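*Asks:* show me the folded form of this:
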Amino acid sequence: MDAIRQGVQERGCATRCSNVPLRAARGPATQRRGLASVLSGLALAFGVGVAGALRLHAERVVIRAGHFPNVTHAQGVIGHAFSRRGKGWFEQRLGTNVEVQWFVYNAGPTAMEGIFARSLDVAYVGPNPAVNAHLKSDGEEIRVVAGACSGGAALIVQPDGRIQRDADFRSRKMGTPQLGNTQDVAARVWLKSVGLRVTLTGGDARVIPTANPDQLALFQKGDLDAVWTIEPWVSRLVLEAGGKVYLQESSLWPDTGGRYVTTHLVSRAAFLQQQPALLKRWIVAHVELTQWINAHPAEAKRLFNEELRAESRQALAEPVLERAWSQIELTHDPIRPSLLKSAEDAHRIGFLKAPPDLARLYDLRLLNEVLREKGWVEIR
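*Replies:* Below you'll find the predicted structure:
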């Protein structure tokens, strides 16, 4: 780890060393003399010894990045796809001495444990796992450094007409992906807003945290009356189970123009503090990849589905992918007001014991440097 940190701190020399063109030599001895000559010149230029120049030339820097195999983590999945094909999107922008190691996780808390264990440097993750991890560390860990995805959540009801108005949710069973996750909180807050009492175990309507694959099966059997979930499961419920969209979550966010955070790019706090130049390069790559995906949706969706198959052994059906993709917005904007309100809602319904102190959660300085250099609007 110390070697990695040192490599990044000395990144300027290391990058230049690795990019020095070495002419092809006729034999090993000539090649060694050529390398020694180049490195001696570098030693004079940078004020280091030949041994130090050799070390910097050879040293590799590793960034460990995590993502979920899901459409709302498209930048992570597609970035992983480019790396798998030897055409690394991030690698090309990070420098030839930087290696990206991708890690796929299946739950946000797992990624946050990877941050705590220092086995991940950056991760694409939903808002609630980031908030919970930040509060668990008393604000010492987890920094949101950019946005990644907005939208994609909806409330789906059975197609048989059993639910036609808000009052019909009384005595009904509603599935959500996980207790206390973003959609679970949104569902409970909404049910209370329409006058229904909701508790962890019952109330006027029952909210039943259920894994997404199980939600689909139970909904198809009619055992769940409604489901509040996220893409691509919204589209699967509609296309495979005949579900009807009762409410798009975007309708609950008038103050942000219907936008709300679904996925963030977060960093380990020490990585941000100790290696800001390297993290800034990652953010540049992330912003440019987001722009490329939005400009090339057909190719992006193809890469996404191929990578999804490689990671989970199952790609999305074409109609599901098309519908799900149309319901999300890939963006570098973290849409901070939506997370702050969601955290306040979690406190109001009892999931957070104390009012959440999120003053240190966001650090958008590097993102705004990138946007400013591109002549784009900064995030406030």
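*Asks:* least confident secondary structure element in the protein?
*Replies:* Least confident helix or strand, the chain: helix 11-18 with a mean of 29, by mean pLDDT, DSSP states H and E.
*Asks:* can you give me the neighbour number for N128?
*Replies:* The tally of other residues near N128 (other C-beta atoms under 10 Å) stands at 22. Glycine gets a C-beta too; all of them are placed from N, C-alpha and C.
*Asks:* from M112, how far out is it?
*Replies:* 10 Å (C-beta to C-beta, to the nearest Å).
*Asks:* measure L367 to L279 for me?
*Replies:* 10 Å.
*Asks:* what do the two both touch?
*Replies:* Common neighbours of L367 and L279, using C-beta atoms under 8 Å, 6 or more residues apart in numbering, are V145.
*Asks:* can you list the domains in the protein?
*Replies:* In terms of domains, the chain is parsed into 2-58, 62-150+259-374, 153-256 (source: automatic domain parsing).
*Asks:* so what's the backbone phi/psi at W190?
*Replies:* Torsion angles at W190 (phi, psi; degrees, to the nearest 10) stand at phi -70, psi -40.
*Asks:* same thing with F82?
*Replies:* Backbone dihedrals for F82, given as degrees, to the nearest 10, come out at phi -60, psi -40.
*Asks:* how about V266?
*Replies:* Given degrees, to the nearest 10, the pair of backbone angles that V266 has is phi -120, psi 160.
*Asks:* isn't it right next to I115, touching?
*Replies:* Yes. With contact defined as C-beta atoms under 8 Å, V266 reaches I115; the gap is 7.4 Å.
*Asks:* please enumerate the strands of the stretch 151-300 of the chain.
*Replies:* Assigned strands in the stretch 151-300 of the chain, in chain order: 153-157, 173-176, 206-209, 226-230, 244-248, 261-267 (criterion: DSSP state E, counting those that start in this stretch).
*Asks:* reformat the ones you listed as CSV; add mean neighbour count and distance to E373.
*Replies:* Listed next are the strands of the stretch 151-300 of the chain as CSV, based on neighbours: other C-beta atoms under 10 Å; distance: least, C-beta to C-beta, whole Å:
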stretch, mean neighbour count, distance to E373
strand 153-157, 26, 33
strand 173-176, 24, 41
strand 206-209, 18, 43
strand 226-230, 28, 33
strand 244-248, 16, 35
strand 261-267, 29, 18
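*Asks:* make CSV out of those and add distance to K374 and mean pLDDT.
*Replies:* Formatted as CSV, the strands of the stretch 151-300 of the chain follow (distance: least, C-beta to C-beta, whole Å; pLDDT from 0 to 100):
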stretch, distance to K374, mean pLDDT
strand 153-157, 30, 98
strand 173-176, 38, 96
strand 206-209, 41, 95
strand 226-230, 30, 97
strand 244-248, 31, 98
strand 261-267, 17, 97
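*Asks:* got a pLDDT number for A24?
*Replies:* In the predicted model, A24 carries a pLDDT score of 30.
*Asks:* what of R60?
*Replies:* 88.
*Asks:* same question for V8.
*Replies:* 30.
*Asks:* try L358
*Replies:* For L358, the pLDDT comes out at 97.
*Asks:* that one in helix, strand or coil?
*Replies:* coil (DSSP: H, G, I helix; E, B strand; the rest coil).
*Asks:* what are the bridge partners for the spatially most central residue of the chain, then?
*Replies:* Most central in the chain under C-alpha atoms, centre = their mean is Y124, positioned 1.9 Å from the mean C-alpha point. Beta-bridge pairing for Y124 (DSSP bridges): L265.
*Asks:* wait, it sits on V145?
*Replies:* No. Y124 sits out of contact with V145 when judged by C-beta under 8 Å, with a separation of 11.2 Å.
*Asks:* and for those two, which residues touch both?
*Replies:* L265, V266.
*Asks:* for A226, what are its contacts?
*Replies:* Per C-beta under 8 Å, 6+ apart, neighbours of A226: L155, I156, V157, Q158, I163, F169, R172, K173, M174, G175, Y246.
*Asks:* then V198?
*Replies:* R188, L191, K192, D204, A205, V207, I349.
*Asks:* can you rerun that using 6 Å?
*Replies:* R188, L191, K192 (C-beta atoms under 6 Å, 6 or more residues apart in numbering).
*Asks:* likewise for P209?
*Replies:* P209 neighbours (C-beta under 6 Å, 6+ apart): T176, Q178, L179, D184.
*Asks:* name the nearest residue to the third one, ignoring sequence neighbours.
*Replies:* With C-beta to C-beta, 6 or more residues apart in numbering as the measure, P209 is the residue that lies nearest to L179, at 4.1 Å, once sequence neighbours are left out.
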